[in-house]
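**Q** turn this into a model:
(chains A and B)
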Amino acid sequence: MLINRNAETVQNDWKTLKSGEMSFQGMKIVFTLKELNELGAHPESLLQKTAGFGLHILSDQTPFDFVQWIEKADLICLEFPKFSDGRAYSTARLLRGRFGFEGEIRAVGHVLPDQIAFMVKCGFDTFEMHRGFDRQVLKHALSVIRHAYQGDLNETLSILQKRHASA
Amino acid sequence: MYKYDEFDAAIVRDRIDQFRGQIRRRLAGEISEDDFKPLRLMNGVYLQLHSYMLRIAIPYGQMNSEQLECLAHIADTYDKGYGHITTRQNIQFNWPRLVDIPEILECLANVEMHAIQTSGNCIRNVTTDQFAGAAADEIEDPRPWCELIRQWSTLHPEFSYLPRKFKIAVSGSRGDRAAIRLHDIGLQIRKNDQGEIGFEVIVGGGQGRTPKIGKTVRDFLPAENLLDYLEAIMRVYNLHGRRDNKYKARIKILVSESGLEAFRQDVEKEWQQTHTTSSNADLVSKEIGRLRAFFSSPLLDIDVVENDDLKMRRAEYPEFDLWCENNLRDHKLSSHASITISLKPVGGVPGDISSEQMRKVASLARVYGYNDVRATHEQNLVLPHVSRKDLFNVWRELKTVGLDTPNIGFISDIIACPGLDYCNLANTRSIPIAQAIANKFSDLALQQELGELKIKISGCINACGHHHVGHIGILGVDRKGEEFYQISLGGSADENAEIGSITGPGFSADEVPDAIGRIIQTYLDVRESKSERFIDTLNRTGPEIFHEAIYAYQS
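**A** The predicted model follows:
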């Protein structure tokens, strides 16, 4: 089930590439870097065919590994192989802050409700939840910590900024 | 010391609300222990051999009397009447119940304390010199910078699921009393030729299975760039630190596998980017100004010291005289002294302190010590600012609760991890070894004769007892179900940091005190004078004659 930053369920109209399938005409497709490589597709022709172009990024891939695709993508899925693998927090942060990516960033894989608040601050928009989850728990998890010492990418003022706003 | 504003208070309160919900879900079976583990760890809750353990942060080792009294209350109400000062200037309680933890955290929040990030793969409590603000050799008080780092690292959204735990230490003095070269990041405050403050940034030190002395990645970082630079280091580590093997996941391994130069370039490149796009330098300058005001020197009463009075007392009370000689340190004001309160009585557990003792220290700090108490990484307490005219009264009061042990820096002032008596990682016991050594060398005259001699004991290879950097280090290893202890020599945690080297085959627990005895006898035999410390003798002669002595009995 896919949810957004407000803990609301959202429709997932993205598809992954089935093996051998080439008829992604008019569809919103998420490609892995390996698939893109194998397809050898010219980016422009690929983009003309698809209705939406997404990337599925593994936790050991950094934005520097797929720079050429970033600005063409509508969606970037960052995979958490285990919830404790925190590389994607930095990857999301770099995508937003350094590469100016404005499309959707989605957390996929082993994503736990208690982690989503940090993910939002690092620039994630949507979250793939696997197990049954309690929406109230999720809402609480998203709102319980009201302030943050660190600046984030959502125009929320950090505590330091609030303290020195008038100075 | 620092006072919370509305934001700091809200963070701590909100965090308790969050954790209370998580505990409720855990107790109701809605979260598995696997999923709960990182949540409880980042709130300081461990599951040990016999019970949960709660580790409470004492930010950079500083607390006031009210806070220490709160810890005494927690010890009495939720634990067995005592707490344990750790090698990271924190305090831990060994017997709390999980259901009581939100209530304990509420008590702590009432006195502006918390247990956030005292465990887990995140940035831990930042540590510093226990004499900060009082030391005569201080370049600049490190505490405002420590507080800045505390806040920046608290609930950091990007750096809470690191490859492994992450420890930062700051030194503001010429002498290093914070072991900064043995931390993931060590920061040494420096002043440049223009009189500006900056940091030497040292990365990749640490103990554990692969001990490393940290390496300097930057000689002088302008102070206002501190957070930007830390962010750059953390990001490089978070993205590239190893996650395939928990024993190779600390930043020291990344630094040694990448090579210092390559690592430095990665960090500098990242920093240049952050620096130009989203620098925190302006905010840091403003915030550090705000923070410095909290750490201004207390109004020390600089009345002319009644030196004659102190001399008279020392002459009259030999025990007081001995304590003055061994437990005092010069203060930047000659009218004052810093007192180290030993938590290493002979036969005691290193670092343990009872609730009664906590209350006594709290009251002494209130009356004589400007409400300021420090926890040290050597597992003692410090009253940093005490007028020399009050020393006798303080000593007399400490004596009533058994806190007058005059052994600071001596052979019985031992660092030891909790070992197999508490810890589920340990292979062997370490507390009984510390007790046996302290008992064997309990004679104070002998201890004094030996002078500074740092023994550090770890009950397993994780090295929580800092054995790598002991002048004499002792490491417990399990050999086919039997406890054995390896002895190493020549370690040091100060500005001349060194990793000790192993002498040879290990000893059984019973043999350790005698082996130590042969080492110190050799020292007494070969030292050039009484003023040549053990470590200096060892460095002059080399370890061979000590090795021979240790194993001499076998031939």
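**Q** okay, CA-based contacts and neighbour counts for the rest of this
**A** OK.
**Q** which residues are in contact with the residue nearest the centre of chain B?
**A** Centroid-nearest residue in chain B, with CA atoms, centre = their mean: B:His377, separated by 2.3 Å. By CA atoms under 8 Å, 6 or more residues apart in numbering or on different chains, the contact list for B:His377 reads B:86-89, B:178.
**Q** what does B:Phe484 give?
**A** Each residue near B:Phe484 by CA under 8 Å, 6+ apart is listed here: B:428, B:476-478, B:506-509.
**Q** just put these in TSV and tack on pLDDT and distance to chain A.
**A** Listed next are the contacts of B:Phe484 as TSV, based on pLDDT from 0 to 100; distance: CA to the nearest CA, whole Å:
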residue	pLDDT	distance to chain A
B:Thr428	93	30
B:Gly476	95	31
B:Val477	94	30
B:Asp478	91	30
B:Gly506	93	38
B:Phe507	95	40
B:Ser508	95	39
B:Ala509	94	39
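**Q** biggest separation within the contacts of B:His377, which pair?
**A** Farthest-apart pair in those is B:Thr86 and B:Ala178; separation 13.5 Å (CA to CA).
**Q** looking at these two, which is more packed in?
**A** B:Ala178 (30 against 26; other CA atoms under 10 Å in any protein chain shown).
**Q** measure that one to B:Lys286 for me?
**A** 27 Å (CA to CA, to the nearest Å).
**Q** from chain A, how far off is B:Ala136?
**A** Distance, B:Ala136 to chain A, by CA to the nearest CA, to the nearest Å: 32 Å.
**Q** distance of that residue from B:Lys332?
**A** Per CA to CA, B:Ala136 is found 4 Å from B:Lys332.
**Q** contacts for stretch B:488-502 next, please.
**A** B:175-182, B:211-213, B:467-474, B:486-487, B:503, B:535, B:538-539, B:543.
**Q** may I see the buried residues of that stretch?
**A** B:488-494, B:497-502 (16 or more other CA atoms under 10 Å in any protein chain shown).
**Q** the residues you listed: which two are farthest apart?
**A** Longest span within the buried residues of stretch B:488-502, CA to CA: B:Asp494 and B:Ile502, 19.5 Å.
**Q** now do the contacts for residue 93.
**A** Since no chain was named, I'll use chain A. Counting by CA under 8 Å, 6+ apart, A:Arg93 has contacts A:122-123, A:153, B:158.
**Q** nope, chain B please
**A** B:53-55, B:75, B:79, B:82-84.
**Q** up against chain B, what does chain A have?
**A** Residues of chain A lying close to chain B by CA under 8 Å from any CA of the partner chain are A:60, A:62, A:84-87, A:89-91, A:93, A:98, A:118-119, A:121-122, A:140-141, A:144-150, A:159-161, A:164.
**Q** apart from its chain neighbours, what residue comes closest to A:Thr91?
**A** Using CA to CA, 6 or more residues apart in numbering or on different chains and skipping the chain neighbours, the partner closest in space to A:Thr91 is A:Thr62 (6.1 Å).
**Q** from B:Glu270, how far out is that neighbour?
**A** On the measure of CA to CA, A:Thr62 and B:Glu270 end up 13 Å apart.
**Q** keeping just the C-alphas, turn stretch A:113-124 into CSV.
**A** What follows is stretch A:113-124, C-alpha atoms only, in CSV (Å, rounded to 0.1, in the frame of the first residue of the first chain):
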residue,chain,number,x,y,z
PRO,A,113,6.1,3.6,10.2
ASP,A,114,8.4,5.0,12.9
GLN,A,115,11.0,6.1,10.2
ILE,A,116,8.7,8.1,8.0
ALA,A,117,9.0,11.5,9.7
PHE,A,118,12.8,11.5,9.1
MET,A,119,12.2,10.4,5.5
VAL,A,120,9.9,13.4,4.9
LYS,A,121,12.6,15.7,6.2
CYS,A,122,15.1,14.3,3.8
GLY,A,123,12.8,14.8,0.8
PHE,A,124,10.7,11.6,0.4
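**Q** what's in contact with it?
**A** Contacts of stretch A:113-124 from elsewhere in the structure, counted by CA under 8 Å, 6+ apart, are A:5, A:89-90, A:92-93, A:96, A:104-107, A:127, A:129, A:133, A:137-138, A:141-143, A:152-154, B:156-158.
**Q** mind listing what's buried in stretch B:169-178?
**A** For stretch B:169-178, by 16+ other CA under 10 Å, it's B:169-174, B:176-178.
**Q** in chain A, which spans are helices?
**A** A:33-39, A:43-49, A:67-70, A:87-97, A:116-122, A:135-143, A:159-163 (DSSP state H).
**Q** can you pull out the low-pLDDT segments for the chain?
**A** No chain in the question, so chain A it is. A:18-23, A:41, A:43, A:131, A:166-167 (pLDDT under 70).
**Q** hmm, no, I was thinking of chain B.
**A** In chain B, residues with pLDDT under 70: B:299-306, B:553-555.
**Q** tell me the residues of it that contact chain A?
**A** So chain B meets chain A at B:7, B:10-11, B:14-15, B:17-18, B:151-152, B:154-163, B:235, B:238-239, B:243, B:273, B:277, B:283, B:286-287 (CA under 8 Å from any CA).
**Q** and those residues, which are buried?
**A** Counted by 16+ other CA under 10 Å, those give B:7, B:10-11, B:14-15, B:17-18, B:151-152, B:154-163, B:235, B:238-239, B:243, B:273, B:283, B:286-287 as buried.
**Q** quick check: the residue of the stretch 1-150 of chain B nearest chain A.
**A** B:Asp14 (5.2 Å; CA to the nearest CA).
**Q** for that residue, what is the enclosing helix or strand?
**A** helix B:6-27 (DSSP states H and E).
**Q** packing partners of that helix?
**A** helix B:33-41, helix B:101-110 (3 or more CA pairs under 8 Å, 6 or more residues apart in numbering or on different chains; DSSP states H and E).
**Q** as JSON lines, those helices with mean neighbour count would be great.
**A** Output for the helices and strands packed on helix B:6-27, formatted as JSON lines (neighbours: other CA atoms under 10 Å in any protein chain shown):
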{"stretch": "helix B:33-41", "mean neighbour count": "17"}
{"stretch": "helix B:101-110", "mean neighbour count": "19"}
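**Q** can you confirm B:Ala463 is in a helix?
**A** No. Checked against DSSP: H, G, I helix; E, B strand; the rest coil, B:Ala463 lies outside a helix; its state is coil.
**Q** now do the contacts for it.
**A** Contacts of B:Ala463 by CA under 8 Å, 6+ apart are B:207-209, B:475.
**Q** quick one: the residue of the stretch 1-150 of chain B closest to chain A from B:Gln22, how far?
**A** Per CA to CA, B:Asp14 is found 12 Å from B:Gln22.
**Q** likewise B:Leu383?
**A** For B:Leu383, the distance to B:Gln22 - CA to CA - is 38 Å.
**Q** which one's more surrounded, these two?
**A** B:Leu383 (26 against 20).
**Q** for that one, name its beta-bridge partners.
**A** With DSSP bridges as the criterion, B:Leu383 is bridged to B:Ile339.
**Q** would you mind confirming that it is in contact with B:Gly369?
**A** Yes. Judged on CA atoms under 8 Å, B:Leu383 makes contact with B:Gly369 at a distance of 6.2 Å.
**Q** so which residues of the stretch 51-200 of chain B form strands?
**A** Ranges of strands in the stretch 51-200 of chain B, per DSSP state E, counting those that start in this stretch, are B:52-56, B:62-63, B:82-85, B:91-93, B:127-128, B:168-171, B:185-191, B:197-203.
**Q** equivalent analysis for chain A, please.
**A** A:2-4, A:15-16, A:28-32, A:52-57, A:75-80, A:104-109, A:126-128 (DSSP state E).
**Q** can you put the ones you listed in a markdown table and add mean neighbour count?
**A** Shown next, in a markdown table, are these (neighbours: other CA under 10 Å):
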| stretch | mean neighbour count |
| --- | --- |
| strand A:2-4 | 18 |
| strand A:15-16 | 14 |
| strand A:28-32 | 21 |
| strand A:52-57 | 23 |
| strand A:75-80 | 23 |
| strand A:104-109 | 21 |
| strand A:126-128 | 24 |
